[in-house]
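Undergrad: Predicted model follows, preceded by the sequence.
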Amino acid sequence: MKEKVLEYLKTEPRSRERSLHQRAMVNLLLKKYPELKTIEKEMLINFAKDFETCTRAWRHITENNESLRGNDYNDKKALVQAKQIELGYRPNYHNDIKKLAQL
């Protein structure tokens, strides 16, 4: 999906605007899910905006309320590091650079 977003940003300059990014993502996803074209595009854009708002709220709430976290909440660091290794990156690279700068 990252490659598709990159290509879309290159070919559709208006999609680079923060105020239009939900519209751009809806346009991009409609190519993947053509059956959704039966739904009014503005409704999908509003859904995308509300979805982003909900996910931000979820992250904020779970960050600040330990009792509301799922069992997998603390798995994030290990999952991120595993993905970095899979992609050929070195985990904690930026922390290593900061430590070197302090020496």
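TA: Structure's in. What do you need?
Undergrad: When you work out contacts or count neighbours from here on, use the C-alpha atoms and nothing else.
TA: Fine.
Undergrad: secondary structure element for the most centrally placed residue in the chain?
TA: Geometric centre of the chain, nearest residue: residue 52, 9.3 Å, by Cα atoms, centre = their mean. Secondary structure assignment for residue 52, by DSSP states H and E: helix 41-64.
Undergrad: after that helix comes which helix or strand?
TA: Scanning onward from helix 41-64 (DSSP H and E), the first element met is helix 76-86.
Undergrad: Tell me the gap between that next one and the middle of its chain.
TA: 16 Å (Cα atoms, centre = their mean, to the nearest Å).
Undergrad: Packing partners of that helix?
TA: Under the contact criterion of 3 or more Cα pairs under 8 Å, 6 or more residues apart in numbering; DSSP states H and E, helix 76-86 touches no helix or strand at all.
Undergrad: Using CSV, write out the CA atom coordinates for it.
TA: The C-alpha coordinates for helix 76-86 follow below in CSV (Å, rounded to 0.1, in the frame of the first residue of the first chain):
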residue,chain,number,x,y,z
LYS,A,76,4.2,-2.9,20.1
LYS,A,77,7.9,-2.4,20.7
ALA,A,78,8.8,-6.0,19.8
LEU,A,79,6.5,-5.9,16.8
VAL,A,80,8.0,-2.6,15.5
GLN,A,81,11.5,-4.0,16.0
ALA,A,82,10.6,-7.2,14.2
LYS,A,83,9.2,-5.2,11.3
GLN,A,84,12.3,-3.0,11.1
ILE,A,85,14.5,-6.1,10.9
GLU,A,86,12.2,-7.6,8.2
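Undergrad: Residues touching that helix, excluding its own?
TA: Applying Cα atoms under 8 Å, 6 or more residues apart in numbering, the contact partners of helix 76-86 are 90-91.
Undergrad: and with 6 Å instead?
TA: residue 91 (Cα atoms under 6 Å, 6 or more residues apart in numbering).
Undergrad: and it, what's its mean pLDDT?
TA: Averaged over helix 76-86, pLDDT sits at 86.
Undergrad: what residue ranges in this protein are flagged as low confidence?
TA: 93 (pLDDT under 70).
Undergrad: how does it divide up, domain by domain?
TA: Domain ranges of the chain: 2-69, 74-103, per automatic domain parsing.
Undergrad: Highest mean neighbour count out of those domains?
TA: Mean neighbour count (mean count of other Cα atoms under 10 Å) peaks for domain 2-69 among these, with a mean of 13.
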